[in-house]
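Asks: Make a model of this:
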Amino acid sequence: MVELSPPALARPRVPERNAGRFALLDGLRFAAALTVVAFHFTARKTDAWATPVSEQSPAVFDLTKYGVFGVDLFFVISGFVILMTAWGRPLHQFVSSRVSRLYPAYWVCVLLTAGVLVFNGAHWFTTSDVLINLTMAQEAFNVPHIDGVYWTLWVEMRFYALMAVFVIVGISERRLIAFSVLWPVAAAIAEKTQLDFVAYVLVWQHAALFAGGMMLFVIVRNGHSFVRWLAVGTDLLLALATSAPEAAQRILGTTGSGVPSLAAIGCVLLCFVAVALVTMTRLRRVNWKWLSVLGALTYPLYLLHEQIGWAVIEHTQQLGWFPAALLAAAIALGLAAAVHFLVERPGGPVLRRRLTAGLAPAMSGSTRPTGTTTAENLKVSQS
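Replies: Below is the predicted model:
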């Protein structure tokens, strides 16, 4: 591989303190979750509010409707972290790490959310709907999500499937650069030529976000170069052409209020810039442990907040929109902490060990891990 960077653009140093943990990337994930929480509680259309926040506080509504872009930030971070998780590992380890990370908390959150909905008088889903939701593949069976935020998990699962194929083929930088550029282009072409199934599998509206996050990790791992940054720039442009309009349309469809196209472009650009800043500059040396705790709470908070939060708002809005929304967020955060400390921490490692042992005989012969990963030195709470 020809290195195109001058000596001044050397490989970014991994901070020695705390093994180079990306504490601010954990914090960035939590901030993204909070923007989504704010969007659902104060901007998205819902029957929970007798009088929408858009009427009670239009200025707040005009700000929090941009919380949709928290999901785009999640996808950029996911591209970064999942590649870090997959590089240099055999398929069985990658699969076991993803399943053990996602499913224990998810199972509990699905059942808890369904229980709250039933207690609150909801009757729009059946027992079979709940059971299929436990697979995380309900969208494939045209079954409603118990909580609307689950749609992003199915997007993530399709990305993981592509990464699993990459692990089988063998990860190398040359392949990553080609993939990061060609994947979003191929996905967009499939959509434009009405190859709907191919576009769906390739996650065409979000592919450039994942790909951009992957290339940012390549730069963190291997150093700066013209070609690597050119790939990031290409992914950014493709994201501005696909993900930004999709997010803007999602805001219009869920709030009834649009956003300027230039603002949508700026938000997607900010997603890339934020991840680069916290992983490539001196900010990566920040080592506040509480940020890692917040990062660990992000996933269960994201899973729990919407439907349960709306139920809280429905019964407390007489206190005023701000106290009701704040109480809903506090309850969601408290439940997230309970799920993390009582379910994820004890259950995740056990499930991971058993899956690794069980999958190794079946999968170890089919993978060809290439290179070594800095994942043990570059750490973040995996999304």
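
Asks: Which residue, neighbours along the chain excluded, lies closest to G258?
Replies: Using Cβ to Cβ, 6 or more residues apart in numbering and skipping the chain neighbours, the partner closest in space to G258 is L252 (4.6 Å). For glycine as for every other residue, the C-beta is placed from the backbone atoms N, C-alpha and C.

Asks: Over to V181?
Replies: Closest to V181 by Cβ to Cβ, 6+ apart is T234, at 5.2 Å.

Asks: repeat for D235
Replies: Nearest non-adjacent residue to D235 (Cβ to Cβ, 6+ apart): G212, at 3.6 Å.

Asks: For the helix or strand that the one you found is a member of, what does the pLDDT average out to?
Replies: G212 belongs to helix 207-222 when elements are defined using DSSP states H and E. Taken as a whole, helix 207-222 has a mean pLDDT of 97.

Asks: Next secondary structure after it?
Replies: Downstream of helix 207-222, the first helix or strand assigned by DSSP H and E is helix 226-255.

Asks: chain center to that next one, what's the gap?
Replies: In terms of Cα atoms, centre = their mean, to the nearest Å, the centre of helix 226-255 is set 15 Å apart from its chain centre.

Asks: Could you do stretch 330-350 as well?
Replies: Distance of stretch 330-350 from the chain centroid (Cα atoms, centre = their mean) equals 18 Å.

Asks: Can you tell me what sits against it?
Replies: The contact list for stretch 330-350 (Cβ atoms under 8 Å, 6 or more residues apart in numbering) reads 37, 100-101, 104-105, 108-109, 112, 296-297, 299-301, 303-305, 308-309, 312.

Asks: and these, which of them are in strands?
Replies: Among the contacts of stretch 330-350, no member is found in strands (DSSP state E).

Asks: Inside helices: which ones of these?
Replies: Of the positions in the contacts of stretch 330-350, 37, 100-101, 104-105, 108-109, 112, 296-297, 299-301, 303-305, 308-309, 312 sit in helices, assigned by DSSP state H.

Asks: distance of P323 from F41?
Replies: 12 Å (Cβ to Cβ, to the nearest Å).

Asks: just the helices in the stretch 251-383 of the chain please.
Replies: Ranges of helices in the stretch 251-383 of the chain, per DSSP state H, counting those that start in this stretch, are 261-280, 289-316, 321-339, 345-363.

Asks: Quick one: closest of the ones you listed to L131.
Replies: L131 lies closest to helix 289-316 among these, at 17.1 Å (Cβ to Cβ).

Asks: Show me how far that closest one is from its chain's centre.
Replies: Averaged C-alpha coordinates place helix 289-316 at 15 Å from its chain's average position (Cα atoms, centre = their mean).

Asks: which residue packs closest to W107, ignoring adjacent ones?
Replies: Once flanking residues are discounted, W107 sits nearest to L134: 5.8 Å by Cβ to Cβ, 6+ apart.

Asks: can you pull the pLDDT of the one you found?
Replies: pLDDT, the model's per-residue confidence, is 97 for L134.

Asks: what does W124 give?
Replies: So W124 comes in at 89 (pLDDT).

Asks: is it true that it touches V143?
Replies: No. Between W124 and V143 there is no contact under Cβ atoms under 8 Å: 11.8 Å.

Asks: quick one: V110 and L134 touch, right?
Replies: Yes. Using Cβ under 8 Å, V110 makes contact with L134 at a distance of 5.7 Å.

Asks: Pick out whichever of those two has more residues nearby.
Replies: V110 (23 against 15; other Cβ atoms under 10 Å).

Asks: which residues touch the more buried one?
Replies: Residues in contact with V110 (Cβ under 8 Å, 6+ apart) are 130, 133-134, 146-147, 303.
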